[in-house]
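# Need the 3D shape of this:
(one chain, ligands or ions: 1)
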Amino acid sequence: MPYRKELADVANRGLERIIRDRSCTGAAPAASSARIMLENKQLVHFSSNDYLGLANHPLLKDAAAGALEACGTGGMASRLMAGGTTYHHALEEAIARLKGTEAALALNSGYTANTSLIPALAREGDLILSDALNHASIVDGCRLSRSRTVIYRHRDVAHLRQLLASESGTRKIIVTDTVFSMDGDIAPLPDIVTACREHGALLYIDDAHGTGVLGGGRGTLHHFGITPEPWIIQMGTFSKALGSFGAYVAASRTIIRWLINSGRGFIFSTALPAPVVAASLAAVELIERDSALNKKLWENRNYLADELHKIGIDTAPSETPIIPVMVGDIETTLAAAQKLFDQGIYAPAIRPPTVPTPRLRITVSAAHTREEIELLCTLLKEVMK
Ligand SMILES: Cc1ncc(COP(=O)(O)O)c(C=O)c1O
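Numbering: from 1, shown residues only. Just a heads-up that it's a prediction; the model follows:
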């Protein structure tokens, strides 16, 4: 049987990935994305990227239902073939407003965005400088581009500057996650922006885990008070704190026009369906007018970090709602995740090759209660013994 040997090898090393299905029937689990039903077991979800708990928010559900009624389920063809809907247009205006740019474009997923936009921006003869811990979709986007990619040490601006000075390229593009998805630390954007300015480089940021979370929800540039310059390209997703699905790029009108004409994942893929787009739009509008969920998220995040410190768990390098907890080797981490599962907490083990060191990747959201956070800490204390 083809691939049986390869699969056995992955399984023997404790690295086989399996899919578990959440149950979507029954009233209780659907009421909040922080509580899920998995394998007939009610669990508190501490591994979701739904930081604001919007994935089950009535405003998003109503918006999706309205668009479903008005426009149906399918995207029909690519935007360039079938046209977008007024929902797509309104969403792009809202994102440009939120991000302080002239224009924006919706894309089908964060993965599609990075694998389409990076090759469109970095052409033959150009140079990409990429953080060592960037998301896999950025890594793949760099691989797909015809330019040369050089990796700089994680968050190391001195190394980045050294490479900017020593490496050549027609255009130089620095690519970085804003919030690193497995460690929860933040890219030193003010210093990176200064380095870009000095070297005339472009900056492409992936704000997937910053949007809705940092800067009162507006994202990482806003968090640092950085002006969205025409040479900064902001990409992010609707699939995390915004509780929906899809991605965006926000930039100057010229860059967006270029991406419409060169982003292969935009040109050659069916448009996002209107219900998904309407839900994303409702989320962006909610973030713009109401900071309550963002405040609650940070209250919960700080409470969890304080409680973890009290029981001797080091939360470094996390600065955000993503908190890696290092339990030990692959086997110990898997056993810890199983123990948590047995006691009602869902926080699966994250293993290589996703991360270099195995860990429980804990994420906390605005939808968690104090009691749920306390339960997590009590159980973590037990599994860390
Ligand atoms: C930093 C980062 N970029 C991009 C993606 C891909 O986004 P999507 O899930 O919308 O494809 C992810 C998702 O895990 C991510 O963490």
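# Need the pLDDT of the closest residue to the ligand within the stretch 101-250 of the chain.
Distances between the stretch 101-250 of the chain and the ligand by Cβ to the nearest ligand atom are smallest at Gly110, namely 2.1 Å. (Each C-beta comes from the backbone N, C-alpha and C, glycine too.) Looking at Gly110, its pLDDT reads 98.
# Leaving out chain neighbours, which residue sits closest to it?
Nearest non-adjacent residue to Gly110, counting by Cβ to Cβ, 6 or more residues apart in numbering: Thr237, 4.0 Å away.
# partners of that neighbour in the sheet?
Thr237 forms beta bridges with Ala247, as assigned by DSSP bridges.
# got the contact list for it?
Listed by Cβ atoms under 8 Å, 6 or more residues apart in numbering, the contact set of Thr237 reads Ser109, Gly110, Ala113, Ala208, Thr211, Gly246, Ala247, Tyr248.
# The fourth one and His135 touch, don't they?
Pointing back at Ala208 there. Yes. With contacts counted by Cβ atoms under 8 Å, Ala208 reaches His135, the gap being 7.2 Å.
# Quickly note the distance from Ala292 to the ligand.
From Ala292 across to the ligand, the span is 25 Å (Cβ to the nearest ligand atom, to the nearest Å).
# Could you double-check that Leu293 lies in contact with Asp50?
No. Because the distance of 10.9 Å does not satisfy Cβ under 8 Å, Leu293 is recorded as not touching Asp50.
# Neighbour count: those two, which is higher?
Asp50 (24 against 21; other Cβ atoms under 10 Å).
# Which positions in the stretch 201-350 of the chain make contact with the ligand?
Asp206, Ala208, His209, Thr237, Ser239, Ala247 (Cβ under 6 Å from any ligand atom).
# any idea which of these has the most stuff around it?
Asp206 (33 neighbours).
# and that one, what is it in contact with?
Asp206 touches Gly110, Asn114, Asn134, His135, Ser137, Ile138, Val175, Thr176, Asp177, Thr178, Met235, Gly236, counting by Cβ under 8 Å, 6+ apart.
# Out of those residues, which sit inside helices?
Of the contacts of Asp206, the ones assigned to helices by DSSP state H are Gly110, Asn114, Ser137, Ile138.
# which ones are touching Thr112?
Ala247, Gly265, Phe266, Ser269.
# same question, Ile186
Ile186 neighbours (Cβ under 8 Å, 6+ apart): Thr178, Val179, Phe180, Gly210, Leu214, Thr220, His223, Glu319, Thr320.
# And for Ala94?
Leu281, Val284, Glu285, Glu288.
# The helix or strand hosting it - what's its average pLDDT?
Using DSSP states H and E, Ala94 sits within helix 86-99. The average pLDDT for helix 86-99 rounds to 98.
# switch to numbering from 13
Renumbered: residue one is now 13, and that last one reads helix 98-111.
# Following the chain onward from it, which element is next?
Tracing the chain C-terminally past helix 98-111 and defining elements by DSSP H and E, one meets strand 115-119 next.
# That following strand: partners in the sheet, and parallel or antiparallel?
strand 259-263 (antiparallel).
# Report the angle between the partner strand and helix 98-111.
Here the directions of strand 259-263 and helix 98-111 differ by 50 degrees (axes from the mean of the first three to the mean of the last three Cα atoms, to 10 degrees).
# re the thing from before, looking at the contacts of Ile198, which two lie furthest apart in space?
When Cβ to Cβ is used, the two most widely separated members of these are Phe192 and His235, lying 14.5 Å apart.
# So between these two, which is more surrounded?
Neighbour count, other Cβ under 10 Å: between Phe192 and His235, Phe192 has more, with 25 against 19.
# do you know how far the closest residue to that one other than its chain neighbours is from His166?
In space, and not counting its chain neighbours, Phe192 is closest to Leu145: 5.2 Å by Cβ to Cβ, 6+ apart. For Leu145, the distance to His166 equals 5 Å [Cβ to Cβ, to the nearest Å].
# which residues are common contacts for the two?
With Cβ under 8 Å, 6+ apart, Leu145 and His166 have common neighbours Phe192.
# in the sheet, who's paired with the nearest residue to Leu214 once chain neighbours are set aside?
Excluding the flanking residues, the one nearest Leu214 by Cβ to Cβ, 6+ apart is Ile185, at 4.6 Å. Using DSSP bridges, the bridge partners assigned to Ile185 are Ile140, Leu214.
# OK, contacts around Ile140?
Ile130, Ala134, Cys154, Ser157, Ser159, Arg160, Thr161, Val162, Ile185, Ile186, Val187.
# thought Thr161 was touching Cys154?
Yes. With contact defined as Cβ under 8 Å, Thr161 reaches Cys154; the gap is 4.2 Å.
# And these two? Which one has more around it.
Taking neighbours as other Cβ under 10 Å, Thr161 and Cys154 compare with Cys154 leading, 24 against 19.
# That one: what's it in contact with?
So Cys154 contacts Ile130, Ala134, Ile140, Ser142, Thr161, Val187 (Cβ under 8 Å, 6+ apart).
# redo that, cut-off 6 Å
The contact partners of Cys154, taken as Cβ atoms under 6 Å, 6 or more residues apart in numbering, are Ile130, Ile140, Ser142, Thr161.
# Tell me which entries of these lie within helices.
Filtering these for helices - DSSP H - leaves Ile130.
# right, and out of the contacts of Cys154, which lies closest to Gly212?
Ile140 (15.0 Å).
# how close does that closest one get to Ile299?
31 Å.
# what do you get for Glu394?
37 Å.
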